[in-house]
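Colleague: sequence and predicted structure are below.
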Amino acid sequence: MARYKHIDTSPRFLPVDLARQLLPGTFEHALNHLLDHVIDVSHFDARFRNDETGASAYPPAMLLKVVLFAYSQGIVSSRGIGRACREHVTFIALCGDSGPHFTTIARFVSTLGEDIARVFAAVLAICDRQGLIGREMFAIDGVKLPSNASKRRSGTRSEFERQATKLEAAAKTMLARHREADAKPVEPDLRAKEAKRIERLERDAAQIRDWLVGHPEERRGVKGSVRKSNRTDNDSAKMATGKGVIQGYTGVAAVDGKHQVIVCAQAHGTGSEQELLVPVVAAIKGVLADDSVITADAGYHSDENLKRLAAMKVQALVADNGMRKRDERFATQGRHKAAPDPLYDKSGTKKKAATYQPADFTYDPEAKTCVCPAGKSLYRHGSGGIINGYAVVRFEGAQRDCLPCAHRDRCLRTPGKTKTRQVAFFKGKATTSTESHTERMKKRIDSPEGRALYGRRFATVEPVFGNLRHNKRLDRFTLRGRTKIDAQWKLYCLVHNIEKLAHHGYAQ
């Protein structure tokens, strides 16, 4: 029978040249070359004051190499990174077998701040020199991810006040009941459990009161509306996603259309995409060329955003909610839609209207007459008007017909207060002297050139999120605070850009 050599995988001491473990053409080789020979990381030196006294520190370039390579492998835990630096040969080669402790790695990641923004800009400049940025089209989109914050600890100040009062009342009730039972024989274990529960209720109430003292103002949005605060991470926000409501941040990326290089990465504690478009465009203004076009989906569309982009003299294609309905290519999209998942569909069933709707009235646009469901003719109310930019024809019933009518309960919402029924019929878009920014954008995006250019948006930005979320296993942010989350989001986007450099033969 055949004989084979014995393969021994037990631990042993081997003479290994660590530098040769970083093979040319790989991500780790490009990463090592960038941080050792190209990118200036001297701004990290301001962190240390050990030039004369104190112990020597780990080089920031080495820690950054280890963290970025770990993120590229889907390892985000500082303990996991520290363990890999002791056991994995590539990590050992990157850190020079120095084996940094996991607390050192955790503190380094959580304090990156503006330092990582400088590294991101330096890598972006190298991508530009390598010809990876085309500047023809930039696609902007975002991804909502949960963070290290409790969704149950979200609310307004009034909700926190009620919660603290409720906890204090529950603790008082249990304490009174506990005192009444002091004279009765009770098992020691039950008595200890009750005491611990009372202590926990009082502690939770005290924590809420302390938070309210430290945060005297409500958290407000851009337009001044009150937003829910979070006692775990007040920079995070509750956001609705396709998988339910999460407590986290929105990671926004602006991606160049030539080689899918991320030119801007920001993280924000809001689920409103309309608020994020202008800050991202302002951040990439220096990268844009005169003929560059910004593309974004309907979530970023608002007339105010289009007005500000026009003031910034930025060419853009921002879709509106009705773009696909106007495109004949999507005429049969309804047949391809999957049935709603009952586990995640929170919309519920539509309720039948309690009162008569305009469709229940007989309207003749030629004769401009209207008859109600009771068979009575309505008077035309003035010359019409404009509602939300659409021209309407209004009708109103006569008191002699409406007051004694048997259909009042079905025709009027408040029959005891309202005397007559009014109804309006839309005629179409009103013609105004000045064309809105939204109307101009619709014409631009519905043109053959606009549809062709906007059609490239999906293939530009979505593969980037697929790479980060699936390949790099980015399913949540692990830190707290917008500054730390923004740095962690930039780290992942740095991994993506360095991969682009490695795949195009950089540093071989």
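Modeller: Thanks, I have it. Numbers count the residues shown, from 1 in each chain.
Colleague: rest of the way, CA atoms for contacts and neighbours
Modeller: OK.
Colleague: where does the protein dip in pLDDT?
Modeller: 181-188, 340-350, 384, 431-433 (pLDDT under 70).
Colleague: domain boundaries for it, per the record?
Modeller: Split into domains by automatic domain parsing, the chain comes to 18-47+56-111, 137-147+238-330+436-487, 157-217, 358-420.
Colleague: which residues of the stretch 51-200 of the chain fall in strands?
Modeller: Applying DSSP state E, counting those that start in this stretch to the stretch 51-200 of the chain gives strands spanning 137-146, 154-155.
Colleague: what does the first one contact?
Modeller: Residues from elsewhere that reach strand 137-146 (C-alpha atoms under 8 Å, 6 or more residues apart in numbering): 239, 241, 246-258, 271, 273, 277, 292-297, 453, 457, 460-461, 465, 475-477.
Colleague: looking at those residues, which are in helices?
Modeller: Within the contacts of strand 137-146, residues falling in helices by DSSP state H are 277, 453, 457, 460-461, 465.
Colleague: restricting to C-alpha, output stretch 113-133 in PDB.
Modeller: The C-alpha trace of stretch 113-133 is given here as PDB (Å, rounded to 0.1, in the frame of the first residue of the first chain):
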ATOM      1  CA  GLY A 113      -9.500  61.100  16.400                       C
ATOM      2  CA  GLU A 114      -8.000  63.600  13.900                       C
ATOM      3  CA  ASP A 115      -4.900  61.500  13.500                       C
ATOM      4  CA  ILE A 116      -6.700  58.900  11.400                       C
ATOM      5  CA  ALA A 117      -8.200  61.600   9.300                       C
ATOM      6  CA  ARG A 118      -4.700  62.700   8.300                       C
ATOM      7  CA  VAL A 119      -3.700  59.200   7.400                       C
ATOM      8  CA  PHE A 120      -6.900  58.800   5.400                       C
ATOM      9  CA  ALA A 121      -6.100  62.000   3.400                       C
ATOM     10  CA  ALA A 122      -2.500  60.800   2.800                       C
ATOM     11  CA  VAL A 123      -3.700  57.400   1.400                       C
ATOM     12  CA  LEU A 124      -6.300  59.300  -0.800                       C
ATOM     13  CA  ALA A 125      -3.500  61.400  -2.200                       C
ATOM     14  CA  ILE A 126      -1.500  58.300  -3.100                       C
ATOM     15  CA  CYS A 127      -4.600  56.800  -4.800                       C
ATOM     16  CA  ASP A 128      -4.900  60.000  -6.800                       C
ATOM     17  CA  ARG A 129      -1.200  59.900  -7.900                       C
ATOM     18  CA  GLN A 130      -1.700  56.300  -8.900                       C
ATOM     19  CA  GLY A 131      -4.500  57.400 -11.200                       C
ATOM     20  CA  LEU A 132      -7.300  55.600  -9.300                       C
ATOM     21  CA  ILE A 133      -9.600  58.600  -9.000                       C
END
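Colleague: tell me which residues in that stretch are buried?
Modeller: The neighbour-count check on stretch 113-133 (16 or more other C-alpha atoms under 10 Å) flags 113, 116-117, 119-120, 122-124, 126-128, 132-133 as buried.
Colleague: quick one: distance of that stretch to the chain centre.
Modeller: 23 Å (C-alpha atoms, centre = their mean, to the nearest Å).
Colleague: which PyMOL command selects the buried ones in the contacts of strand 137-146?
Modeller: Burial among the contacts of strand 137-146 is assessed by 16+ other C-alpha under 10 Å; the matching PyMOL selection reads:
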select buried, resi 239+246+247+248+249+250+251+252+253+254+255+256+257+271+273+277+292+293+294+295+296+297+453+457+460+461+465+477
